[in-house]
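Student: Build me a model from this:
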Amino acid sequence: MRYKGLIITLTVIVSVLCAYFLFFTYVSRGVQQKAVNYATRNGELSEIKRQHYLDSVWRAPVFGSYTYRDVKQSELGLGLDLKGGMHVTLEVSPVEIVRAMAGNSKDPAFNKAIELAQQRQKTNSGTAFTTLFYQAYQETAPNVPLNRIFTNSVNKDRKIDLNSSDSKVLSAINKEEEDAIDRSFDILRKRVDKFGVNQPNIQRVKGTGRIQVELPGVDNPERVRKLLQGQAKLEFYEVWPQNEVTPYLAQLDQVLTAKEKAAVATPATAATPTAAATAGDTTSLAAQLAKKTPATAAKTDSAAAQKGGVLARLLTMPGSLGVNLSDTARMNVVLRSEEARSIMPPNMALLYLNKPIDANGQQFLRLVAVKKDRTGTIAAPISGEVVSDARQDYDQTGRPEVSMSMNPTGARKWQKMTGANIGKQVAVVLDDVVYSDPVVQSEISGGNTSISGNFSIDEAQDLAQVLKAGKLPAPTRIVEEAVVGPSLGKEAINQGLYSSLAGLLIIMVFMAMYYGRAGLVADAALLFNMFLILGVLAQFGTALTLPGIAGLILVIASSVDANVLIFERIREELDHGLSLHDAVNAGYNRAFSAIFDSNVTTMLIAIILGFFGTGPVQSFAVTLGIGVLTSFLSAVYVSRLIIEALIKGKTTSSITFSTFLSRNLFQNVNFDIVGKRKIAYTVSTVIIVTGFVLMYFQGGPNLGVDFKGGRSYVVDFNKQMVASDVRNTLESTFKGTGLEVKQYGSPDRLRITTSYLAEDESQTADKTVADALNQGLDKYKADAPVIQSTSKVGATIADDIKRTSFLSLALTLLGIFVYVLFRFDKWQYSMAAVVALFHDALLVIACYPIAAAFGLKYEMDQIFVAAVLSIIGFSMNDTVVIYDRIREYLRNDPKLTFAQVVNPALNSTFSRTMITFTTIFLVVVVLYIFGGETLRSFSFAMIIGIVIGTYSSLFIATPIILDTYGKKEERERKAAGETITELPGSAPKLRPTTV
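Tutor: Numbers count the residues shown, from 1 in each chain. Below you'll find the model as predicted:
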């Protein structure tokens, strides 16, 4: 073997590194076990005590000089699906950035363009918002340059003036957006780092304005949402005295009440424009406030006269200016009305207090009137940029508060502001919500102050963290979210462990039974490969997830394929009379090109999945990519080192490559495979057409939340539930929108998926949907429903996932076409391979509606896409092995034609094809049985795909070359008078090809 010393050295170095990093995993597990022992009393585990123990050793040495924190950073971590936690994808809003750069312009054309761009982005998520805005602006203000809007003091440093071109303005906007995303990423990373969870992960999503955050083990999703989405826009305002606010409110009350009475007094049958607008326009002020109908007008008018005016009926908080919590929506309509804007001073803004106040058995939100500047903009005298430090503290009564320190500039401004407002109120406002409005007792110097707002300790800590990290340059919104409960994580660990061990055991037993002692060598190489994969994952800090375990299982199966190729070639060479040493050398050398080609195509798929995939698909791709490299090393080199050591100076009897079970299996196979190709073409066409017709009648493909957007919940009950009954109960609460309820892994667990408010990605919509679910589940209180996990995929990110999935498939096929053309020189080989692979994808898709017709209903989601691409990789590996054998025959005897060698090539590789099919098929069946509901659709697709991939490599790919190139070549050579010879005696004798 060439470069033997280099390979041994490299193997030793990689092994030592893997052992080093995996040892940290062993140490970490030991510390965690000590924490469990410490927190367990009388057989019960106290999670608080366990976490307290881990916190106490976080910075303490646990192995030499390494602290527990150092160990955790180097261990092989578990993903959220294996230990519970929260995954969030945030999107930085470009709208606010554009508005800010435009100086919050009131220009109608500008604001209409912003509105149009927001609408169009829902259906064009792949197009940058800036591009959509510019296209819309050209429609709303044709021939008007952007510099008219963006020439202002805000953009002075960006050198935008009335001579700037549209391209320069757009370039400045794009740069500001990119800078805002970078700043948001840094600020969010600071917030996440201080949140107090082990191994948080935050990363930018390539090519988008999105940021992914993973927080393992969190048990308070609402707290995380506030931490991540809070813009932390801190401002200090002077407050209007209430006696100065009252006259304006009284005047507004008179105007609104008069308008309401005029609307009520108008006869319902009058066809006046006012009456029609009032009756038909549900957004009018009267409709929003009163929600009255003409039939009850007289009764309502009498009640209004008794209760007072419009505002009097809203501002009902005892002893203060405030509204009932249930009336805030109506109050917001009033504050946004034209009447309010015309009567209220432009430098007055009414803001809510951060928490409701209990009074008379009801909850009220107090309103605080803060002083804006004279232009009406929300520019505060002091903003959060002056805060240099913030920390959670306690006030004199022992309640949590946030203490802040200001920089010298802020300290001077704060001293001036408090000195000018002694005996008056100042408001501390965060994200347009008042947290406190104390009366200033004296001038405050030194820049130290505090915020009190009826906080819990967690709330005070979180507020201190976000203030210290800084204000986000633009609002963020959650477009994708997944919460996995710890109990589901424990189940997933067991499922992953059982499926991995079962798959590994089946393959090892099979290899030993089929190849004897050589099979044991393959088993040793396989175990070494597992060790390498886990070690490399630990080195790169990659968490192991359930899809990652699926990738690991597939790597186990495919790594055996290389050994199968090698051992089958060695058996062939032994049958041809070569000595053991020569047969081993020939087997490894001749199998190398097929192994190399198949690994390249699989790596191509892993790279594409890793680049375009997100979350679980990325984890699958990383494991698959690492596995390709380690499998190549272990199967091609490590196994050869072991075998050469075993046969050195020994005879044939020292190692065997077959057993009594396999010795005569697949020997002298001589099927006319290509002769059946037209039957295969017909069968494939019938299945594909049947599947897509059924899909049409089933209402289209059964897409998962990943592809269509929506929210999904996994709910446990204390008894077996009938999914259809629960669905019928929930339909009314979800107002007839798309709803799916099905069993999820066990009879007492249901997965509830809804598209209700799927287009709305706000926190308000999340709460509305969750409330609707809980309202429906209230009818099953006796069955103790518990929501174990939740997930949300916004409409825009669902569109992106669909787009990148199709792009992944297209790039995979294009990459394979180019690579096969490069390796085999003829475009017909590439074309046949791509057609066969596309055929495989269509057949797998078609099998889903066919399975649904028989009651097996599985979703097509991101993991399904990973399965399809994995099937393409498997099928391509089979096809490359056959192509490689055809090339070998044609090189050995250039007088042979493609038509002559196609059947011998298929027959000579038939044993390898069937052995590889058997091992991988058994593994994916194990994955289907033990892998859990999360991987059920994936493993089902793989079971179908392995069968289809094997079938297409035999009956579709190579026969297509025969139909497009082989027959033409044979006719041309016969016409030229060439003599068609048969294969040399060392190869299987040709059987006439049926054409």
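Student: shaky segments in the stretch 201-350 of the chain?
Tutor: The model of the stretch 201-350 of the chain has pLDDT under 70 over residues 206-207, 219, 231, 264-308.
Student: can you give me the helices in the stretch 451-600 of the chain?
Tutor: For the stretch 451-600 of the chain, applying DSSP state H, counting those that start in this stretch gives helices covering 457-469, 486-515, 517-539, 546-575, 580-612.
Student: Most tightly packed of these?
Tutor: Compared across these, helix 546-575 shows the largest average neighbour count, a mean of 25 (mean count of other CB atoms under 10 Å). For the C-beta atoms, the positions are set from N, CA and C on the backbone; glycine is no exception.
Student: now the angle between helix 486-515 and that one, please.
Tutor: 0 degrees (axes from the mean of the first three to the mean of the last three CA atoms, to 10 degrees).
Student: How far off centre is helix 546-575?
Tutor: Distance of helix 546-575 from the chain centroid (CA atoms, centre = their mean, to the nearest Å) equals 31 Å.
Student: and S337, which of the helices of the stretch 451-600 of the chain is closest to it?
Tutor: helix 457-469 (32.6 Å; CB to CB).
Student: and that closest one, how far from the chain's centre?
Tutor: 27 Å.
Student: Looking at that helix now, give me its mean pLDDT.
Tutor: Across helix 457-469, the average pLDDT comes to 73.
Student: Output the contacting helices and strands for it.
Tutor: The contact analysis (3 or more CB pairs under 8 Å, 6 or more residues apart in numbering; DSSP states H and E) places helix 457-469 against helix 166-193, helix 221-229, strand 387-394, strand 400-406.
Student: residue boundaries of the strands in the stretch 251-400 of the chain?
Tutor: With DSSP state E, counting those that start in this stretch as the criterion, the stretch 251-400 of the chain has strands at 322-324, 348-352, 357-359, 362-371, 382-383, 387-394, 400-406.
Student: can you put the ones you listed in TSV and add distance to L162?
Tutor: Below are those laid out as TSV (distance: least, CB to CB, whole Å):
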stretch	distance to L162
strand 322-324	46
strand 348-352	33
strand 357-359	52
strand 362-371	34
strand 382-383	30
strand 387-394	37
strand 400-406	39
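Student: Now render those as TSV, adding mean neighbour count and distance to I871.
Tutor: Shown next, in TSV, are these (neighbours: other CB atoms under 10 Å; distance: least, CB to CB, whole Å):
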stretch	mean neighbour count	distance to I871
strand 322-324	22	59
strand 348-352	18	55
strand 357-359	13	60
strand 362-371	20	56
strand 382-383	18	56
strand 387-394	17	53
strand 400-406	22	55
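Student: For P200, find the nearest of those.
Tutor: Per CB to CB, nearest to P200 of these: strand 387-394, 19.6 Å.
Student: quick one, the longest helix along the chain and helix 517-539 angle?
Tutor: If you go by DSSP state H, the chain has its longest helix at helix 4-39. Angle, helix 4-39 to helix 517-539, by the same axes, to 10 degrees: 60 degrees.
Student: In the stretch 701-850 of the chain, where is pLDDT below threshold?
Tutor: Applying pLDDT under 70 to the stretch 701-850 of the chain flags the ranges 735-737, 761, 795-797.
Student: and V741, which of the three is it?
Tutor: strand (DSSP: H, G, I helix; E, B strand; the rest coil).
Student: For it, give me its contacts.
Tutor: V741 sits next to A723, S724, V726, R727, L730, L750, R751, I752, T753 when contact means CB atoms under 8 Å, 6 or more residues apart in numbering.
Student: contacting residues around the first one?
Tutor: Read it as A723. Each residue near A723 by CB under 8 Å, 6+ apart is listed here: V741, K742, Q743, L750.
Student: Next, find the distance separating D253 from T913.
Tutor: To T913, D253 is 84 Å away according to CB to CB, to the nearest Å.
Student: my bad, should have said G398
Tutor: 75 Å.
Student: the more surrounded of those two?
Tutor: Neighbours of G398 and T913, each counted by other CB atoms under 10 Å, are more numerous for T913; the result is 20 against 6.
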